[in-house]
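K.L.:
sharing a model prediction with you, sequence too.
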Amino acid sequence: MTDPTGAPESVRAPTDVAVAKRPFWLRRPWQIAGGAVLIVAALLVFMVWSLPLGRALEPLPNPTLILVTADGKPFARRGSYKEQPVDVSKLPEHVPGAFVAIEDRRFYSHIGIDFRAIARALQRNVGEGEVQQGGSTITQQLAKNAFLSSERSLRRKAQEALIALYLEARLSKDEILSRYLSTVYFGDGVFGLRAAAKHYFDKTPETLSIGESAMLAGMVKAPSRLAPTEDLPAARERAEVVLGTMVEVGLITPRQARAARNVRVRQGREKLPVGTYFADWVSPQARQAFESAYGEVLVPTTLDSVLQAEAERIINQALKRHGGYLHATQAALVAMRPDGKVLVMVGGQDYKISQFNRVSDAQRQPGSAFKLFVYQAALRNGMTPDSLVLDTPLTIADWSPKNHEGHYANREIRLRNAFAGSSNVAAARLAQQVGRAAVVKAAEDMGVEANFPNDLTLALGTTPMTLLDLTAGYAGVAAGQFPVTPYGVPQVRVAPTRQLPRAERDGLLDLLRAAVTFGTGNVANVSQYAYGKTGTTQDYRDALFVGFVGDMVIGVWVGNDDNSPMNGVAGAGLPAEIWRDFARVAMNRGAVRVNGRQIGLAPVAPRPAPVEEVDPLAVPPVDGAGAPVDGQTPSVAPAAPVEPTPPAAPPAVVQPPF
């Protein structure tokens, strides 16, 4: 059958049924496109309308923190500086006028976007072959400063223009200018006109002269380069350009411009370094404790300015005197109270040369200083300092730890003597007896965070960790509480949550005291209340001494940043000497207490070893993972052998001083 036109049925136009089977977006493309445009427009309007208009008037999220020592001395300034917002209606005409003249002459007549300025900038940039001039208005700059990033892209410019139109619709010109002047960056970490007036001229915006206003307005173009504290001649040259534009727009007379040329900079804030090792470490704690605010926030810290200076002096002198021939280029020291209150932090020889903090950031092997936690696990397992352990060659699986130069007692010795002499095989045997998990638990309980290996080599301190964590572990023994969390701002102190059992703590004190009386740490025996342990790693790459005297817990590390070996520097040598010298200074200055009573220096005779055992100093002590170490540096002579006497009782347990 054919239709009335005579066309064959096979070539007829599509029927309504065929059209209905086509996808919806093919049947009504214009309606869909229109709906999409409306949705996008609605979203844009919603996003713009919901912008927080007051953001430009809010404090910065990273306000200026003035870090203050425990004795009230400012020592570092961190963060950006912003003061209270300004109101242009209360400023002299020449102050906001300088910014309008140089940044946006048509500010009071355009709608937020100055198409004439954009065309002029495009023409000049095309002629120069590079970007020489921008066409952003003050309103657009406010949009960027308050709501957008500094990214350079067409997308960001489109957002900037859209927000500028919105700001012009919602705010008056004076409100826009007030927010702009309260937000704009002036270099040196300074934001806003009030902060800039204070920082560069020690004035308020209401008292700025014509010349000072011109210099500040001129800085906006390139604040880091044109800040008078960075390049005063360039800042003055730029200020003259601003004065010229102020004359052109009729804001001031040529005579006023000439009189305003000689601007003097008078900084209104004390010059302070941005960083120190302690400041870098404590700043996150300070921001946690103090909310954003205008101006500068004074943050009291735990730093002891006197002891800090003494520690820096001791380390610098030690490295200067011995570092060359010993090939020891770096050292670090941290001192804290048993509750974690950090008093001193020297993260390296010179912060100006290297800001890397070797106290809190360097992951280094602790060597035998880690054995404290091996013996702690043994004490938890029922042993005592008088328990016996074999000091003979040992093989565990395919690992054969060795004592220094193959010296062994070849019999059972007490834990006290094994710890004092830093026997490697004794520590490995103890770790084997109590199990790796028990050693790891002891260390982690005391606050040591590290990626411990899945074998018993950890007993000899092969696991990298920070000096800060290691020292905090020793602080737990001094406190009789754990874990100890180091802190530098009193408001963020985290108190230890658990008590060390009395027998466990007494045993650890016995061991640590033995190490400084007749063991490898004898050079650090500055008081009857001194306790500590040496540590040295393979090939003398790291040398440490960690311990406490009274309520002063001190950790010292010596080594090289490139992990190269030192020339025979062991924990009993240079680190112990630095530790001793600092401990003596602290005691001399009355900074060390026992049960609330100050202790000073007094000669202390070495404690003899128990009668039935070999004096550990008569047999070269050992340390580290098979490396020659503690007590073997030429500057530390072994103590003279003593006549055998009955075992001396351990000193009285020092109770926590708080």
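P.N.:
In hand now; what should we look at?

K.L.:
now the residue nearest to residue 451 when sequence neighbours are not counted: how far from residue 373?
P.N.:
Closest residue to residue 451 in three dimensions, ignoring its sequence neighbours and counting by Cβ to Cβ, 6 or more residues apart in numbering: residue 463, at 6.8 Å. In short, each C-beta sits where N, CA and C put it, glycine included. In this view, residue 463 and residue 373 are 10 Å apart by Cβ to Cβ, to the nearest Å.

K.L.:
skip the chain neighbours and tell me the closest residue to residue 553.
P.N.:
residue 475 (4.3 Å).

K.L.:
so which other helices or strands are in contact with whatever helix or strand that neighbour lives in?
P.N.:
Element membership for residue 475, per DSSP states H and E: helix 467-479. On a contact count with 3 or more Cβ pairs under 8 Å, 6 or more residues apart in numbering; DSSP states H and E, helix 467-479 meets strand 330-336, helix 371-380, helix 502-517, strand 530-536, strand 542-549, strand 552-559.

K.L.:
roughly how far is that helix from the heart of the chain?
P.N.:
Between the centre of helix 467-479 and the centre of its chain there are 20 Å (Cα atoms, centre = their mean, to the nearest Å).

K.L.:
the residue nearest to residue 451 against residue 449, yeah?
P.N.:
No: counting by Cβ atoms under 8 Å, residue 463 does not reach residue 449; the two are 10.3 Å apart.

K.L.:
between those two, which one's more packed in?
P.N.:
Neighbour count, other Cβ atoms under 10 Å: between residue 463 and residue 449, residue 463 has more, with 19 against 12.

K.L.:
and stretch 482-499, which residues are buried?
P.N.:
482-489, 496 (16 or more other Cβ atoms under 10 Å).

K.L.:
among those, which pair sits farthest apart?
P.N.:
Across the buried residues of stretch 482-499, the longest distance by Cβ to Cβ is 21.2 Å; it joins 482 and 489.

K.L.:
number of nearby residues for the residue nearest to residue 553?
P.N.:
For residue 475, using other Cβ under 10 Å, the count is 31.

K.L.:
need the helices and strands packed on helix 467-479 in TSV with mean neighbour count, distance to residue 69 and mean pLDDT, can you?
P.N.:
Output for these, formatted as TSV (neighbours: other Cβ atoms under 10 Å; distance: least, Cβ to Cβ, whole Å; pLDDT from 0 to 100):
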stretch	mean neighbour count	distance to residue 69	mean pLDDT
strand 330-336	27	14	98
helix 371-380	26	31	98
helix 502-517	23	30	98
strand 530-536	33	26	97
strand 542-549	31	22	98
strand 552-559	30	17	98
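
K.L.:
which one of those lies closest to residue 459?
P.N.:
The nearest among those, by Cβ to Cβ, is helix 371-380 at 4.9 Å.

K.L.:
alpha carbons only: can I get the closest one in CSV?
P.N.:
C-alpha atoms of helix 371-380 as CSV (Å, rounded to 0.1, in the frame of the first residue of the first chain):
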residue,chain,number,x,y,z
LYS,A,371,69.2,-0.9,76.9
LEU,A,372,67.4,0.8,79.7
PHE,A,373,64.1,-0.6,78.3
VAL,A,374,65.6,-4.1,77.8
TYR,A,375,66.5,-4.2,81.5
GLN,A,376,63.1,-2.6,82.4
ALA,A,377,61.4,-5.5,80.6
ALA,A,378,63.6,-7.9,82.6
LEU,A,379,62.7,-6.2,85.9
ARG,A,380,59.0,-6.5,84.9
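
K.L.:
and it, what does it pack onto?
P.N.:
helix 415-421, helix 424-434, helix 436-445, helix 467-479, helix 502-517.

K.L.:
which one of these is the most hemmed in?
P.N.:
Highest mean neighbour count among the helices and strands packed on helix 371-380 (mean count of other Cβ atoms under 10 Å): helix 415-421, with a mean of 29.

K.L.:
elements contacting it?
P.N.:
Against helix 415-421 (3+ Cβ pairs under 8 Å, 6+ apart) you get helix 371-380, strand 388-390, helix 424-434, helix 502-517.

K.L.:
now that helix: how far from the chain's centre is it?
P.N.:
That offset, for helix 415-421, works out to 38 Å (Cα atoms, centre = their mean).

K.L.:
cool, and stretch 111-118?
P.N.:
45 Å.

K.L.:
how far away is residue 428 from residue 243?
P.N.:
79 Å.

K.L.:
next one: residue 63
P.N.:
Residue 63 is 33 Å from residue 243, by Cβ to Cβ.

K.L.:
the more surrounded of the two?
P.N.:
residue 243 (29 against 20).

K.L.:
identify the residue nearest that one in space, chain neighbours excluded?
P.N.:
residue 257 (4.2 Å).

K.L.:
list the contacts of the helix or strand hosting the one you found.
P.N.:
Residue 257 is part of helix 254-259, with elements assigned from DSSP H and E. The contact list for helix 254-259 (Cβ atoms under 8 Å, 6 or more residues apart in numbering) reads 210-211, 243-244, 246-247.

K.L.:
rewinding a little: could you dump the helices and strands packed on helix 467-479 into TSV and include distance to residue 596?
P.N.:
Compiled in TSV, the helices and strands packed on helix 467-479 are given as follows (distance: least, Cβ to Cβ, whole Å):
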stretch	distance to residue 596
strand 330-336	18
helix 371-380	26
helix 502-517	19
strand 530-536	18
strand 542-549	15
strand 552-559	14
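
K.L.:
nearest to residue 79, of these?
P.N.:
That would be strand 330-336 among the helices and strands packed on helix 467-479, by Cβ to Cβ, at 24.5 Å.

K.L.:
how far does the closest one sit from the chain's center?
P.N.:
On Cα atoms, centre = their mean, the centre of strand 330-336 falls 15 Å from that of its chain.

K.L.:
so which elements touch the next helix or strand after it?
P.N.:
Following strand 330-336 in sequence order, the next helix or strand is strand 342-346 (DSSP H and E). Secondary-structure packing of strand 342-346 (3+ Cβ pairs under 8 Å, 6+ apart): helix 277-289, helix 305-326, strand 330-336.

K.L.:
got the contact list for the longest one?
P.N.:
Right, the one you point to is helix 305-326. Under Cβ under 8 Å, 6+ apart, the answer for helix 305-326 is 69-71, 73, 75, 278, 328-333, 335, 343-346, 349, 566-569, 574, 577-578, 581-582, 585-586, 589, 591, 635.

K.L.:
mark which of those are buried, thanks.
P.N.:
69-70, 75, 278, 328-333, 335, 343-346, 349, 566, 568-569, 574, 577-578, 581-582, 585-586, 591.
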